[in-house]
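A.B. asks: Sequence below, structure please.
(one chain, ligands or ions: 1)
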Amino acid sequence: MNQKKRILTGDRPTGRLHLGHYVGSLVNRVKLQEEYETFILIADVQALTDHFEHPEILQQNIREVTKDYLAVGIDPGKSTIFIQSLIPEIAELAVYYLNLVTVARLQRNPTVKDEMQQKGFEQNLPAGFLVYPVHQAADITIFNADLVPVGKDQLPMIEQTVEIVRRFNTFYAPVLVEPQAKVGEFARLPGIDGQAKMSKSLGNAIYLADDAKAVEAKVMRMYTDPTRLRATDPGHIEGNPVFVYHDAFNPDKEEVADLKERYVQGKVGDVEVKKKLTRALNAFLDPIREQRAKYDQDEKAIDEILKEGTRRARAVAQETMGQVRRAMKIDYPFQG
Ligand code: TRP
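C.D. replies: As a prediction, the model looks like this:
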């Protein structure tokens, strides 16, 4: 049998996962774990690049994120879930990669630029933050990942990783695999406030762990068509968050088509559209909540999954590091 191709992907444990994560990457991961050998990295080291002053959030968030994974159907028998900082070989590899990128190239990375702006770093940019794409290249390549399923905002990271791989393979030896990105079908979900992206820091997210009441309250607050003042005004569908969500989560396509038709004609109010969306979202989230509740009763299972995942991941990372050290001629013979 052919060896399975490999996936590496990950999340920063800065909070619970939300619907944006679901459509942007989780749904892909659940599908792809059947076909690929999957590694899922919980990026605690990277979380410290933007929350270095808040280390206390990490441990709890790692557990929450792991529960979110399991609740949506990531199967620890098929996917290896592990903690970044417990694989010190990643940090080691990142140090070597730092020689293969320029500061100017890092400053041009659109993901870094966006986040620098969001966080208002300006002249006080921490060096660790600037170089995190290099760290991410190490995350991906130390597992010889073929495919990296991520949200669209992460594409520049994969591009930069490919550049590093090519330089490494040219300068030293062709030991690294060039990864490919894979973006989810619904690459980006708007926030409930209509901003382009759902995100914890923008406070506009619906979480996988939100209960039915919280979902209802958020949907009722959701931004719709700003040009429509009355239910009898013709409305716009395009880019309207309630309809983006209906398209993504309401399996009743006839209901959605009917709502859209009446919306453009000014024959349905926001409240009906939102009530139906609430119902669809809660029906979607119910089985996820049920799964999550099981793990809330069994914290030991979470420890075991993380421990075993980290053990498996580390073995792979050590093997790649052996090849890297050999290629870079730092495999000293007296080391055996
Ligand atoms: N940078 C990603 C994020 O902020 C998380 C991450 C870290 C990642 N290492 C990765 C994603 C490697 C894909 C591959 O969400």
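
A.B. asks: So which bits of the stretch 51-200 of the chain are right by the ligand?
C.D. replies: Within the stretch 51-200 of the chain, the residues that sit near the ligand (Cβ under 6 Å from any ligand atom) are 136, 139, 140, 148, 150, 154. (Each C-beta comes from the backbone N, C-alpha and C, glycine too.)

A.B. asks: Report the buried members of those residues.
C.D. replies: Buried by 16 or more other Cβ atoms under 10 Å: 136, 139, 140, 148, 150, 154, out of these.

A.B. asks: Let's see which of these end up in helices.
C.D. replies: Those of those mapping onto helices are 136, 139, 140, per DSSP state H.

A.B. asks: any chance of those in TSV, with distance to residue 93 too?
C.D. replies: Output for those, formatted as TSV (distance: Cβ to Cβ, whole Å):
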residue	distance to residue 93
136	11
139	9
140	10
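
A.B. asks: Packing partners of the particular helix or strand that has residue 258 in it?
C.D. replies: Using DSSP states H and E, residue 258 sits within helix 253-265. Packed against helix 253-265 by the contact rule (3 or more Cβ pairs under 8 Å, 6 or more residues apart in numbering; DSSP states H and E) you find helix 241-249, helix 270-296.

A.B. asks: Relative to the whole chain's centre, how far out is the longest one?
C.D. replies: Here the centre of helix 270-296 is set off from its chain's centre by 21 Å, with Cα atoms, centre = their mean, to the nearest Å.

A.B. asks: let's have the chain start at 18 instead
C.D. replies: Renumbered: residue one is now 18, and that last one reads helix 287-313.

A.B. asks: list the contacts for the residue positioned nearest the centre of the chain?
C.D. replies: Nearest to the mean C-alpha position of the chain, counting by Cα atoms, centre = their mean, stands residue 28 at 4.7 Å. By Cβ atoms under 8 Å, 6 or more residues apart in numbering, residue 28 lies in contact with 34, 38, 42, 57, 58, 59, 60, 82.

A.B. asks: what about residue 133, neighbour count?
C.D. replies: Counted with other Cβ atoms under 10 Å, residues neighbouring residue 133 total 16.

A.B. asks: Can you give me the distance of it to residue 35?
C.D. replies: 23 Å (Cβ to Cβ, to the nearest Å).

A.B. asks: Okay, domains of this protein per the record?
C.D. replies: 23-206+316-344, 229-310 (automatic domain parsing).

A.B. asks: So which of those has the densest surroundings on average?
C.D. replies: domain 23-206+316-344 (a mean of 19; mean count of other Cβ atoms under 10 Å).

A.B. asks: Quick one: end-to-end length of it, please.
C.D. replies: In domain 23-206+316-344, first residue to last residue: 22 Å (Cα to Cα, to the nearest Å).

A.B. asks: Could you list the low-pLDDT ranges of the stretch 118-267 of the chain?
C.D. replies: Along the stretch 118-267 of the chain, the model assigns pLDDT under 70 to residues 201-204.

A.B. asks: And the strands in it, which stretches?
C.D. replies: Here the stretch 118-267 of the chain has its strands, by DSSP state E, counting those that start in this stretch, at 164-167, 197-200.

A.B. asks: any residue of the longest helix seen in the chain up close to the ligand?
C.D. replies: Assignment by DSSP H gives helix 316-344 as the longest helix of the chain. No: Helix 316-344 does not reach the ligand (Cβ under 6 Å from any ligand atom); its nearest approach is 12.4 Å.

A.B. asks: just the angle between that helix and helix 287-313, please?
C.D. replies: Orientation of helix 316-344 against helix 287-313 (axes from the mean of the first three to the mean of the last three Cα atoms, to 10 degrees) gives an angle of 80 degrees.

A.B. asks: Distance from helix 316-344 to the middle of the chain?
C.D. replies: Here helix 316-344 is found 20 Å from its chain centre; the criterion is Cα atoms, centre = their mean.

A.B. asks: Give me the helices and strands touching it, please.
C.D. replies: Packing partners of helix 316-344 (3+ Cβ pairs under 8 Å, 6+ apart): strand 54-59, helix 73-89, strand 96-100, helix 105-114.

A.B. asks: can you do 10 Å?
C.D. replies: strand 23-28, strand 54-59, helix 73-89, strand 96-100, helix 105-114, helix 149-158, helix 172-188, helix 287-313 (3 or more Cβ pairs under 10 Å, 6 or more residues apart in numbering; DSSP states H and E).

A.B. asks: Find the nearest non-adjacent residue to the closest residue to the ligand within the stretch 168-317 of the chain, please.
C.D. replies: Evaluated by Cβ to the nearest ligand atom, the stretch 168-317 of the chain has residue 171 as its residue closest to the ligand, separated by 5.7 Å. Excluding the flanking residues, the one nearest residue 171 by Cβ to Cβ, 6 or more residues apart in numbering is residue 128, at 6.5 Å.

A.B. asks: hang on, isn't the one you found packed against residue 149?
C.D. replies: Yes: with contact defined as Cβ atoms under 10 Å, residue 128 reaches residue 149; the gap is 9.1 Å.

A.B. asks: any residues in contact with both of these two?
C.D. replies: residue 174 (Cβ atoms under 10 Å, 6 or more residues apart in numbering).

A.B. asks: quick revisit: quick check, nearest of the buried ones among the residues of the stretch 68-217 of the chain next to the ligand to residue 315?
C.D. replies: For those, the residue nearest residue 315 by Cβ to Cβ is residue 156; the value is 28.6 Å.
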